[in-house]
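K.L.:
Have a look at this prediction, sequence included:
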Amino acid sequence: MYAVGIAQLLGAVSLWVQGYVAYGELFLAALMAGGVASHLGAGDPVVMAAPALGLLALLCGLAFVRRGELPSLRV
């Protein structure tokens, strides 16, 4: 539990550090995807996973807008 909280805190701090915003958004999106998976895997109703789903959608949208900050994978 503490590890997830620390990871969320680090992700939130990275949203305030110029040059690391897109990384923080992707990191937090991965955490929210894990949260959704854990809720649905435990048999919880989708309503309980709705906040994580909403944040996941928001973070993916923000990461898409800031995709220019990420290094290109072109070879």
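P.N.:
Everything's here; your move.

K.L.:
Excluding chain neighbours, what is closest to the spatially most central residue of the chain?
P.N.:
What sits nearest the mean C-alpha location of the chain, by C-alpha atoms, centre = their mean, is residue 29, with 1.6 Å. Distances taken as C-beta to C-beta, 6 or more residues apart in numbering place residue 59 nearest to residue 29, at 4.0 Å, with adjacent residues excluded. Every residue, glycine included, has its C-beta placed from N, CA and C.

K.L.:
hmm, who's touching the helix or strand where the one you found lies?
P.N.:
Residue 59 belongs to helix 46-65 when assigned by DSSP states H and E. If you take C-beta atoms under 8 Å, 6 or more residues apart in numbering as the criterion, helix 46-65 is touched by 22, 25-26, 28-29, 32-33, 35-36, 39-40.

K.L.:
can you do 10 Å?
P.N.:
Residues outside helix 46-65 that contact it (C-beta atoms under 10 Å, 6 or more residues apart in numbering) are 11, 15, 21-40, 42, 69-70.

K.L.:
Report the rounded mean pLDDT for it.
P.N.:
For helix 46-65, mean pLDDT is 93.

K.L.:
likewise stretch 3-13?
P.N.:
Computed over stretch 3-13, the mean pLDDT rounds to 94.

K.L.:
contact partners of that stretch?
P.N.:
Stretch 3-13 has contacts (C-beta under 10 Å, 6+ apart) with 20, 23-32, 34-35, 38, 59.

K.L.:
do that again at 8 Å, thanks
P.N.:
Stretch 3-13 has contacts (C-beta under 8 Å, 6+ apart) with 24, 27-28, 31.

K.L.:
Whichever of the residues you listed end up buried, select them in PyMOL.
P.N.:
Only the buried entries of the contacts of stretch 3-13 go into this PyMOL selection, using 16 or more other C-beta atoms under 10 Å:
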select buried, resi 24+27+28+31
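
K.L.:
related to what we said a few turns ago, return the distance of the helix holding residue 59 from the chain's centre.
P.N.:
Remark: helix 46-65 is offset 8 Å from the chain centroid, using C-alpha atoms, centre = their mean, to the nearest Å.
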